[in-house]
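A.B. asks: sequence and predicted model, in that order:
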Amino acid sequence: MEILETGIPLLDEALGGGLLEDSNFLIVYDTYSNGWTLAFEIMKNRISVGDFGVVLNSVFPLTPLKMELRMLNFDVEKEGRSGNLAILDIFSSFHRLKYDEGYVYTDPTLDSATFLPKYLHLYRRILKERIRERRPIGIDVTVDSLAFLLGEENTIKLFQNLMALKEKAKMEEKRKRPINIFLLNKGRASDRLVAWIALYSQYVVEFCSSSKSLWERMVIRKSPLPDFKPREKGYTFTLKRGRVILQ
């Protein structure tokens with residue numbers, strides 16, 4: 001399996017080389033952490049080398065999502081209109097919000113009882129209409145907000161089903177394999193949910209913020225690569241002028 005660069009050299013080194021294609025990358029963070037921005041830095045870098053970004057949004061309407069990403073100089077409208085990004089908008093589907101932007105995909109009939117088939121229908125549309133032969137880089141924004149909408153037990157079962165479907169697609173489909181990034185705020189999730197999503201993730205990175213510093217501690221808990229060497233004290237992380245800084 002191919003190992004893909006994140007575009008952040010120190011992160012690639014810390015992970016043992018990069019991200020395995022078809023892998024799941026979990027970012028766990030706390031209430032005041034900006035660790036979630038690492039996902040979009042990776043997406044931005046992967047788009048620059050030809051991949052396609054897919055944002056699975058269950059937490060915000062489109063306007064505040066765009067506002068949040070401005071701190072990273074990530075222009076959602078520009079990337080969407082340029083054919084580099086699609087938003088599978090669960091939040092807007094549940095709350096019956098309709099956008100004219102072609103890169104935003106919604107289904108006003110989406111609900112917890114019929115979520116999986118309708119979600120898969122939207123994703124297949126994105127594959128056919130936008131991704132085509134490119135590699136998808138997906139970000140789940142966020143697992144905890146999805147659990148709030150669907151219920152925690154339903155969300156765990158959903159991930160189990162998605163793991164099975166992912167394995168089936170790998171065996172049957174001839175296309176570039178994706179990278180899936182899960183964002184999970186542990187302040188909004190039970191330990192049980194965190195444990196299940198960590199189980200389904202090949203990589204686990206945890207961020208801890210501090211009231212005494214704008215620098216956060218980043219610890220890599222898990223990587224499947226043989227060159228991965230855990231660093232006991234972890235790394236430090238912050239944002240400066242829209243850029244992720246790791247030390």
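C.D. replies: Now that the structure is in, tell me what you want to look at. For clarity, every value in this text was computed on a predicted model and none was experimentally measured.
A.B. asks: by residue count, which helix of the protein is the longest?
C.D. replies: helix 152-172 (DSSP state H).
A.B. asks: buried stuff in that one?
C.D. replies: In terms of neighbour count (16 or more other Cβ atoms under 10 Å), helix 152-172 has its buried residues at 152, 154-156, 158-159, 162. C-beta coordinates here come from the backbone N, C-alpha and C atoms, glycine included.
A.B. asks: next, work out how far apart the nearest residue to residue 155 once chain neighbours are set aside and residue 154 are.
C.D. replies: Leaving aside its chain neighbours, residue 155 sits nearest to residue 147 (4.1 Å; criterion: Cβ to Cβ, 6 or more residues apart in numbering). Look at residue 147 and residue 154: by Cβ to Cβ, to the nearest Å, they are 8 Å apart.
A.B. asks: in this protein, mark out all the strands, start to finish.
C.D. replies: 3-4, 19-20, 24-29, 52-57, 85-89, 104-105, 136-141, 179-185, 203-210, 213-222, 235-240, 243-246 (DSSP state E).
A.B. asks: as CSV, the ones you listed with distance to residue 229, mean neighbour count and mean pLDDT would be great.
C.D. replies: Output for these, formatted as CSV (distance: least, Cβ to Cβ, whole Å; neighbours: other Cβ atoms under 10 Å; pLDDT from 0 to 100):
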stretch, distance to residue 229, mean neighbour count, mean pLDDT
strand 3-4, 16, 18, 96
strand 19-20, 17, 24, 98
strand 24-29, 18, 25, 98
strand 52-57, 30, 24, 98
strand 85-89, 34, 25, 98
strand 104-105, 41, 21, 98
strand 136-141, 26, 24, 98
strand 179-185, 22, 24, 98
strand 203-210, 14, 20, 96
strand 213-222, 10, 16, 95
strand 235-240, 13, 16, 94
strand 243-246, 16, 16, 92
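A.B. asks: kindly reformat the ones you listed as CSV containing distance to residue 173.
C.D. replies: Output for the strands of the chain, formatted as CSV (distance: least, Cβ to Cβ, whole Å):
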stretch, distance to residue 173
strand 3-4, 18
strand 19-20, 17
strand 24-29, 18
strand 52-57, 15
strand 85-89, 18
strand 104-105, 20
strand 136-141, 12
strand 179-185, 15
strand 203-210, 23
strand 213-222, 27
strand 235-240, 36
strand 243-246, 32
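A.B. asks: understood, closing this out.
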